[in-house]
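Undergrad: predicted model follows, preceded by the sequence.
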Amino acid sequence: MEDELTAFERINIVLEGGVPDRVPSICLGADFEFLNHFMRSPYAFTQEDLEHFAKDGLVPRFLHTQHLLAKFSPKEIYEGGLNAKIDLCWEVLYGIPLKKGTESDTLVTENGQIFKFIVNDDGIPGYWYIAPSLTTKEKIRIFWETQKDLRPDKARFKILSKNRKKMKKYDIVVAQGINGPFETCVLGIGYAMFAKLARKDPEFLHKHINFLWENFQRPSLELLLKTKPEIVMIGSDIGHNGGLQLPLKHWQSFFKPILKKYVELTHESGVKFLLHCCGAIEELFPDFVELGIDGIDSLQPTINNLELYRKKFPEIALLGTIDDTNLLVNGTPEEVRNDIQNKIKMLGKDGGYIPGPTNWLLDQKPENIIALFQAIQEFGRY
């Protein structure tokens, strides 16, 4: 049975609580900083790599480079590969083009988030969220009047199936999605405004959250599902290092009902639903089980009790779990190999586990990332 399954078959078995031929792997993607490190390493793309990937239509920007994901391939998939394996990656789509902000180097998303283009001192570009734009009730009311401007662009979704087909040649599954309800609301109006409305005018806050769902999130998710994705993964970073970013009762009141609609709509299409959620999120796991979420990604091991999750919530697959802030940055390849071996023994002996870095590849050592995916190949046998 060894290596007879495709990446999708392997992942699907895990998400259904079964045990496949080997443990699959996940890499969300990589940003420009990691690519800079990678291209300065012995593993950098060769001219032959670039010519090969160009023939397959791979592009540097999509997924923060298709090239990198394909480069990790085993030799039997791509002769110039690094003899590792990435089974699952992630693509998030904004269904509406971003608008120019008040400053020349800023853009505003459809839900009011302000992003800024940054070029660091070393010349590496970045693109980061910096502030909300809907900071008063009056601004939110004006935003509601722009309902016609929130219609997702069908053309932006049509490319998704093409992106999946490009990566299928390298046996990589692209989990595609949109932003989740928590970030869509809170990053648009700001934490201070959210806290004020939750305390003083919860009806107004509910109205805004439902407006976002009806006019943007649901139409976007419906368009995504029409492209027939193999797996849906949405992003909603609800936690921080010390716990949730809001009281549990507020998450359950304002966002859980909307997240339930995400899950139900996805499952009605016969597709598994994954949630990428950073931070210490133990409080949410009972709700995740109730909602029927198939897998939770990120799960930084320094702030989450992974063994507890595995024993107490076997219904949910655990994804990520490999520390990207210390181990993969400061550790050695041997330490990474040992961590993978121990994690698979602890979390993967009965299935339900897809290991990988807990977030995007940023400033990690390329040799550690290669050691990580090669170790999953070596130790990930049941």
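TA: In hand now; what should we look at? Numbers count the residues shown, from 1 in each chain.
Undergrad: helices of the stretch 101-250 of the chain, residue ranges please.
TA: Taking DSSP state H, counting those that start in this stretch as the criterion, the stretch 101-250 of the chain carries its helices at 137-144, 154-168, 181-189, 191-200, 202-212, 218-226, 248-250.
Undergrad: buried deepest among those helices, which one?
TA: helix 181-189 (a mean of 25; mean count of other CB atoms under 10 Å). Every C-beta, even on glycine, is put in place using the N, C-alpha and C of the backbone.
Undergrad: what does it contact?
TA: Residues from elsewhere that reach helix 181-189, judged by CB atoms under 8 Å, 6 or more residues apart in numbering: 109, 111-113, 129, 132-135, 140, 194, 197, 208-209, 212-213, 216-217, 235-238, 245-246, 251, 254-255, 258-259, 262.
Undergrad: PyMOL command to pick out the buried ones of those residues?
TA: One line in PyMOL is enough to select the buried ones among the contacts of helix 181-189; burial here means 16 or more other CB atoms under 10 Å:
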select buried, resi 109+111+112+113+132+133+134+140+194+197+208+209+212+213+216+217+235+236+237+238+245+246+251+254+255+258+259+262
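Undergrad: returning to that earlier point: out of the helices of the stretch 101-250 of the chain, nearest to Pro357?
TA: Closest of those to Pro357 is helix 154-168, at 18.0 Å (criterion: CB to CB).
Undergrad: could you pull up the mean pLDDT of the closest one?
TA: Averaged over helix 154-168, pLDDT sits at 93.
Undergrad: again with stretch 186-202
TA: Here the average pLDDT along stretch 186-202 is 97.
Undergrad: between its first and last residues, how far does that stretch reach?
TA: Stretch 186-202 has an end-to-end distance of 14 Å (criterion: CA to CA, to the nearest Å).
Undergrad: and that stretch, how far out from the chain middle?
TA: 25 Å (CA atoms, centre = their mean, to the nearest Å).
Undergrad: and what of stretch 157-170?
TA: So, by CA atoms, centre = their mean, the centroid of stretch 157-170 is 17 Å from its chain's centroid.
Undergrad: how about stretch 152-161?
TA: Worked out by CA atoms, centre = their mean, stretch 152-161 lies 19 Å from the chain centre.
Undergrad: over to stretch 220-239?
TA: The answer for stretch 220-239 is 10 Å, by CA atoms, centre = their mean.
Undergrad: tell me the mean pLDDT over that stretch?
TA: The model assigns stretch 220-239 a mean pLDDT of 96.
Undergrad: cool, and stretch 347-357?
TA: 93.
Undergrad: what's in contact with it?
TA: 11, 13-14, 17-20, 23-28, 86-88, 295, 306-307, 310, 314, 316-322, 324, 328, 340, 343-344, 364, 369, 372, 376, 380, 382.
Undergrad: list the buried residues in that stretch.
TA: For stretch 347-357, using 16+ other CB under 10 Å, the buried residues are 347-348, 351-357.
Undergrad: for stretch 281-300, same thing?
TA: Neighbour count says stretch 281-300 has 281-282, 284-285, 287-288, 291, 293-300 buried, by 16+ other CB under 10 Å.
Undergrad: filter the residues you listed down to the ones in strands?
TA: Among these, DSSP state E puts 295-298 in strands.
Undergrad: among these, which two are most distant?
TA: Across those (CB to CB), the longest gap, 10.8 Å, separates Gly295 and Ser298.
Undergrad: overlap of the contact sets of these two?
TA: Joint contacts of Gly295 and Ser298 (CB under 8 Å, 6+ apart) are Leu319.
Undergrad: what helix or strand is the spatially closest residue to Gly292 that is not a sequence neighbour located in?
TA: Nearest-residue entry for Gly292: Val263, 5.6 Å, with adjacent residues in sequence omitted and distances by CB to CB, 6 or more residues apart in numbering. Element membership for Val263 (DSSP states H and E) is helix 256-268.
Undergrad: can you give me the angle that helix makes with helix 181-189?
TA: 130 degrees (axes from the mean of the first three to the mean of the last three CA atoms, to 10 degrees).
Undergrad: flag every buried residue along helix 256-268.
TA: Using 16+ other CB under 10 Å as the test for burial, helix 256-268 gives 256, 258-260, 262-263, 265-266.
Undergrad: export those to a markdown table and append columns for pLDDT and distance to Glu183.
TA: Below are the buried residues of helix 256-268 laid out as a markdown table (pLDDT from 0 to 100; distance: CB to CB, whole Å):
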| residue | pLDDT | distance to Glu183 |
| --- | --- | --- |
| Lys256 | 98 | 15 |
| Ile258 | 98 | 12 |
| Leu259 | 98 | 11 |
| Lys260 | 98 | 17 |
| Tyr262 | 98 | 13 |
| Val263 | 98 | 16 |
| Leu265 | 98 | 18 |
| Thr266 | 98 | 18 |
